[in-house]
Every structure is written in C-alpha cells, then in structure tokens.
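> here is a sequence together with a model predicted from it:
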Amino acid sequence: MAVDMNMKVLIVDDYKTMLRILRNLLRQLNFGNVEDATDGTMALEKLREDDYGLVISDWNMEPMTGIELLRHVRGDEKLKHLPFIMITAESKSENVIAAKEAGVSNYIVKPFNAETLKGKMVSVLGDF
C-alpha cells in the first residue's frame, strides 16, 4: 500500500528550532501537511480533534513528556494504532526499552538527517 504523502504528520517538541528542522526535513521528503505542538498535552488535544497518519515526538518535554504522550496514545482506543516515532538525545538502552514497552513504532537519536528520518519513516509506514 502506498503512503499517502498528503497525510497529516504531527511533530511535537518544546524547542521551536527543532520543530523548524523537522518541518524542513519532512518537506524534503515531500510531506507538506505538517502540524506541530510544543508539548504532549497540546499534542494529545490535536490528536483527539483531527486525523493524523504519523506522530514524531521529542522525549524530553514539560509538562507532559514524549513517553507519557505515547502511553496516552496507546491507551486511547481511537489513537492506539497511530504510528509513533520518538526522538531523543539519549541513547541509553533503558530509554529504548521503556519506549518499546510503551509501544513506540520507532526511535531516532539526535542528531539525525533526512536520510535517517526517511529510513525510520519507511520502517513504520512502508516505502514512499
């Protein structure tokens, strides 16, 4: 099944520069329908109000972290199948394990580039 390049992608990060970088990387990969949220609480509200095809979220945010957002998404009947990619600066194995246990679709360690992002997205969504 082909990936819908017009699907909405929600990017979540409390650092505006990172949101801009993610938006530009997604644009390079021909995903133009990108919305953002600056914390997990805002992201959860958006996810419950609209249909998204993918969430790309930072781990370290306040007041709701990316892992807490992921747990809410996986616990929500409407959202639990949504592909979810976690981004973090930490490559500690306990973080990877915690994210896997919470149901993350894939995991990216900063810094990364468009090629890395595309590889993670292909593993979650299929070729595009």
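Alright, I've got the coordinates. Computed from a prediction, not measured in an experiment: that's the story for all the values here. Numbering: from 1, shown residues only.
> could I get the least confident helix or strand in the chain by mean pLDDT in PDB with only the CA atoms?
Lowest on mean pLDDT, DSSP states H and E among the helices and strands of the chain sits helix 93-102, with a mean of 92. Provided in PDB are the C-alpha atoms of helix 93-102 (Å, rounded to 0.1, in the frame of the first residue of the first chain):
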ATOM      1  CA  SER A  93      19.300   1.300  26.500                       C
ATOM      2  CA  GLU A  94      16.800   1.800  29.400                       C
ATOM      3  CA  ASN A  95      15.200   4.600  27.400                       C
ATOM      4  CA  VAL A  96      14.900   2.500  24.300                       C
ATOM      5  CA  ILE A  97      13.400  -0.400  26.300                       C
ATOM      6  CA  ALA A  98      10.900   2.000  28.000                       C
ATOM      7  CA  ALA A  99       9.900   3.400  24.700                       C
ATOM      8  CA  LYS A 100       9.500  -0.100  23.200                       C
ATOM      9  CA  GLU A 101       7.500  -1.300  26.200                       C
ATOM     10  CA  ALA A 102       5.200   1.800  25.800                       C
END
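> pairing partners for the helix or strand following that helix, with directions?
Using DSSP states H and E, the next helix or strand after helix 93-102 towards the C-terminus is strand 106-109. Sheet pairing here is set by DSSP bridges, and for strand 106-109 it gives strand 84-88 (parallel).
> which residues does the strand it pairs with contact?
13, 18, 54-60, 66-67, 70, 73-74, 95, 99, 103-110, 112, 120-121, 124 (C-beta atoms under 8 Å, 6 or more residues apart in numbering). All C-beta spots, glycine's among them, are computed from the backbone N, C-alpha and C.
> how about the least confident helix or strand of the chain: buried residues?
The neighbour-count check on helix 93-102 (16 or more other C-beta atoms under 10 Å) flags Asn95, Val96, Ala98, Ala99, Ala102 as buried.
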